[in-house]
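Undergrad: What follows is a predicted structure for the sequence shown.
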Amino acid sequence: MMNKIGIIGCGRQAPKHINGYLSNGIKDIYLSDVDKDKAGELAKEYNLKYLPSDEIINSKEITAYSICTPPETHDLIIDNLIERGKSFLCEKPISLNLDKLHLNEKLINEKKLVAMGGYIYKFSPAHIHVKKLIENAGKDTIQKAYFRIASPGSNAPWQFSKKLGGGVINEMVVHIIDLVQWYFGDIKAIKYVSKKIYLEHRIKTLNEADELAEDYVHIKLVTRSNLEVEIEADLISSEFIQYAQFNSEKFECVLSIQPNIPLQLKYQDKSMDVCKFFEFQNLYIDQIKYFLQCVNKNKTQEISTMKESIAIARTINEIIDF
């Protein structure tokens, strides 16, 4: 089944979604943005169509949407889509409003819609490989987990704005919380949080009524299986980096979504040591393939569900309030 897709928001994330849909054979893609010029330029670049915000949401032909706008705008857009019975893939975090998330989960289930959070790391071949390894060995064999993620951030002012839902916690940590849940199950408690602002000059990009969000955070938490997890994240590094390290009695493992960082697996008895590079893979292609399969009822949605987004929001709120 071919779909007509609406993409709301034409900033940095939109081209990733556009290429994801095009790679899955979807060519009927409509773009929209509050900045009409930005949407028009992107539509021209990819030879796509542009629609004003109200028209794209009210379209009877568009079957599913990607939401690529800042987090603060998600709730209103999602309300409008659910009201019209539309499925959507929304960039992370979908929302941090737990009451809103619970209500929307109920409505989505009633209307049998697909609502998917934009958590792409689960589609990484390295993470898929290691998750199977851990499942075969048993989750309880992991004694400690460390996750590192860093980026210079973008030039978009909202990314450093508390008011608009920016900052390292909403931008970076949400991905890691999603991975922790995916690997090890529910999070039981936040034990330690250190939040800092290093690049204070970014305040110049915000209006006077706004505040800078944190650009560095160090977190220690515990899952319901009593696994200790440590997370470091920042928006101050010169380049993007992401990796994870798992320790158990039997092996140590380091892996990343980045193709230049190999999967390194070292067993205590040196029985099956591994050093493997995975070829670059556009994770949006597989994520959007899965989304489309769920929309077209070829698959039942089991990952990046509203239930998972609710659990992520609960943990993120605890980290913010710590």
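TA: Right, received. Where do you want to start? As the structure is a prediction and not an experimental result, all values here were calculated from the model.

Undergrad: Need the contact partners of stretch 295-314.
TA: 1, 3, 63-64, 87, 92-98, 101-102, 104-105, 108, 114-119, 122, 174, 177-178, 181-182, 186-187, 290, 293-294 (CB atoms under 8 Å, 6 or more residues apart in numbering). Glycine gets a C-beta too; all of them are placed from N, C-alpha and C.

Undergrad: Show me which of those residues are buried.
TA: 3, 63-64, 87, 92-96, 101, 104-105, 108, 114-119, 122, 174, 177-178, 181-182, 187, 290, 294 (16 or more other CB atoms under 10 Å).

Undergrad: returning to what we had before: can you tell me which of the contacts of stretch 295-314 end up in helices?
TA: Mapping these onto helices (DSSP state H) picks out 98, 101-102, 104-105, 108, 174, 177-178, 181-182, 290, 293-294.

Undergrad: residue ranges of the strands in the stretch 51-200 of the chain, please?
TA: 64-67, 87-91, 115-118, 142-150, 187-196 (DSSP state E, counting those that start in this stretch).

Undergrad: Which of the ones you listed sits closest to residue 164?
TA: Comparison of those against residue 164 by CB to CB identifies strand 87-91 as nearest, at 13.3 Å.

Undergrad: Could you name the helices and strands sitting against the closest one?
TA: Counting contacts by 3 or more CB pairs under 8 Å, 6 or more residues apart in numbering; DSSP states H and E, strand 87-91 is packed against strand 64-67, helix 74-83, strand 115-118, helix 283-295.

Undergrad: Generate CSV for the ones you listed, with distance to residue 158 and mean pLDDT as supplementary columns.
TA: As requested, the helices and strands packed on strand 87-91 are exported to CSV (distance: least, CB to CB, whole Å; pLDDT from 0 to 100):
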stretch, distance to residue 158, mean pLDDT
strand 64-67, 14, 98
helix 74-83, 12, 96
strand 115-118, 16, 96
helix 283-295, 21, 96
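
Undergrad: Need the ones you listed in JSON lines (columns: distance to residue 16).
TA: Below are the helices and strands packed on strand 87-91 laid out as JSON lines (distance: least, CB to CB, whole Å):
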{"stretch": "strand 64-67", "distance to residue 16": "9"}
{"stretch": "helix 74-83", "distance to residue 16": "17"}
{"stretch": "strand 115-118", "distance to residue 16": "9"}
{"stretch": "helix 283-295", "distance to residue 16": "5"}
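
Undergrad: Select, out of those, the one closest to residue 260.
TA: Between the helices and strands packed on strand 87-91, helix 283-295 lies closest to residue 260; by CB to CB that is 15.3 Å.

Undergrad: Centre of the chain to that closest one, how far?
TA: Centroid displacement of helix 283-295 relative to its chain, using CA atoms, centre = their mean, to the nearest Å, is 14 Å.

Undergrad: Which positions in that helix come out as buried?
TA: 283-292, 294-295.

Undergrad: what pLDDT, on average, does the helix or strand following it get?
TA: Next in sequence after helix 283-295, counting helices and strands by DSSP states H and E, comes helix 306-321. Average pLDDT, helix 306-321: 96.

Undergrad: Just give the nearest non-adjacent residue to the spatially most central residue of the chain, would you?
TA: Centroid check for the chain by CA atoms, centre = their mean gives residue 119 as the closest residue, at 3.0 Å. Nearest in space to residue 119, with sequence neighbours left out and distances taken as CB to CB, 6 or more residues apart in numbering, is residue 178 at 4.2 Å.

Undergrad: need the contact list for that neighbour.
TA: 92, 117, 119, 121-122, 304, 308, 312.

Undergrad: Also residue 197?
TA: Here residue 197 is in contact with 212-216 (CB under 8 Å, 6+ apart).

Undergrad: quick one on the thing from earlier: going by distance to residue 48, which of the buried residues of helix 283-295 wins?
TA: residue 288 (15.2 Å).

Undergrad: OK, contacts around the residue with the largest distance to the centre of the chain?
TA: The centre of the chain is farthest from one residue, residue 269, which by CA atoms, centre = their mean lies 36.6 Å away. By CB under 8 Å, 6+ apart, residue 269 lies in contact with residue 250.
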